[in-house]
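**Student:** Here is the input, now give the coordinates:
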Amino acid sequence: MEPHSRSIPNVTNGEFSDAELFQDLHENEHCPEGTIPIIRHAREDEYYPHGAISAAARNQKKLNIRVDLDAKGHEYAGVGLSGGKYYGARAFLNVWKPATLGNGDLSFAQVGVQAGPPDRLNYIQAGWMVNSRDNEPRVFLYWTSDGNKKTGCYNLNCPGFVQVTNKIGLGAALKPPSTYKGTQFSIPIAVYQFRGNWWLQVNEIMLGYLPSHIFTDLRTSATAVSWGGQVFDAGKMGHHTSTQMGSGHFASEGFGKASYFTHVEYKHETGYFLAAEGLRQYQHVRRRKGRRKIDRLVLISHILAGGIKIHVL
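**Tutor:** I've put the predicted structure just below:
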């Protein structure tokens with residue numbers, strides 16, 4: 001049994017417009033009943049490098065969100081909650097088309113849930129990503145049940161995610177993206193537990209779920225939830241990448257210029273989604289020749305129209 005889309009309360013988007021999901025098929029075409037869309041790329045191993053987003057949950061003392069992994073190539077900023085029991089995370093993610101330079105660079109905006117010690121960390125992350133090979137924002141899901149030791153993959157690239165809809169597939173493009181000083185588009189993304197399984201909802205579409213039995217610590221609940229952005233530098237440019245996170249502009253520039261998350265919520269044990277309060281900031285930036293690259297990683301959170309708005313650069 002799958003949860004009804006009303007399990008996640010509808011939120012009026014107000015001054016924002018909804019981005020739309022587009023298949024890599026002819027417009028308005030759906031898969032036949034009993035089948036699902038699978039979006040493939042010429043080189044899946046390069047398009048989705050193994051563990052490329054794992055460092056987003058690297059050890060952060062203030063937040064106690066951690067992954068015992070090498071953070072080489074990863075730069076990220078976000079906010080999160082920890083120390084309790086959480087049954088999901090959701091937000092409206094501002095959709096952009098950040099410039100991704102180099103062979104294999106990536107840019108992400110994501111929500112995440114996790115549980116467990118570093119040696120067997122369970123986590124799920126979902127949102128949109130842009131790969132330097134086609135520079136299109138696309139829906140993604142990533143999971144692991146052992147800190148990326150033997151498990152972990154994107155989308156449908158390994159057994160795990162059970163898709164239940166034939167309307168849209170993981171890897172679907174999001175169009176149109178937001179424009180600087182122009183119309184802003186956002187997409188609601190939710191990862192939450194229902195009857196033990198972890199479901200992915202995009203807009204009003206229930207894409208599918210990760211069965212509880214593939215996890216250890218996430219079988220009961222998450223112990224931390226997070227929201228944020230990330231850049232992966234494949235290191236093939238010979239210098240620090242200029243790949244952008246979000247819009248590539250400072251949070252201080254404000255709405256219409258800086259990327260944002262809105263309606264940042266977590267799922268409570270009562271089954272309701274509640275506004276995330278007491279968010280803690282975390283970030284990881286790389287050092288090059290003794291200098292810290294931080295211009296794209298400033299993050300500010302504040303209250304806007306009764307909800308949390310996060311500017312992620």
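
**Student:** Span of stretch 95-109 from start to end?
**Tutor:** From its first residue to its last, stretch 95-109 covers 8 Å (CA to CA, to the nearest Å).

**Student:** Can you give me the buried ones in that stretch?
**Tutor:** Applying a neighbour-count criterion of 16 or more other CB atoms under 10 Å, the buried positions in stretch 95-109 are 95-98, 100-102, 104-109. All C-beta atoms are positioned from the backbone trio N, CA, C, and that covers glycine.

**Student:** and if you look at stretch 150-165?
**Tutor:** Going by neighbour count (16+ other CB under 10 Å), the buried part of stretch 150-165 is 151-157, 160-161, 163, 165.

**Student:** would a markdown table of these with pLDDT, secondary structure and distance to residue 193 be doable?
**Tutor:** Shown next, in a markdown table, are those (pLDDT from 0 to 100; DSSP: H, G, I helix; E, B strand; the rest coil; distance: CB to CB, whole Å):
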| residue | pLDDT | secondary structure | distance to residue 193 |
| --- | --- | --- | --- |
| 151 | 88 | coil | 19 |
| 152 | 84 | coil | 19 |
| 153 | 87 | strand | 20 |
| 154 | 88 | strand | 21 |
| 155 | 86 | coil | 20 |
| 156 | 86 | coil | 21 |
| 157 | 82 | coil | 23 |
| 160 | 91 | coil | 16 |
| 161 | 94 | coil | 15 |
| 163 | 92 | strand | 18 |
| 165 | 88 | coil | 19 |
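
**Student:** Pick the one among those residues closest to residue 217.
**Tutor:** residue 151 (13.1 Å; CB to CB).

**Student:** and the closest one, what is it in contact with?
**Tutor:** With contact set as CB atoms under 8 Å, 6 or more residues apart in numbering, residue 151 has these partners: 143-145, 158, 160, 214.

**Student:** Would you format those residues as JSON lines with distance to residue 119 included?
**Tutor:** Below are the contacts of residue 151 laid out as JSON lines (distance: CB to CB, whole Å):
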{"residue": "143", "distance to residue 119": "17"}
{"residue": "144", "distance to residue 119": "12"}
{"residue": "145", "distance to residue 119": "12"}
{"residue": "158", "distance to residue 119": "21"}
{"residue": "160", "distance to residue 119": "20"}
{"residue": "214", "distance to residue 119": "17"}
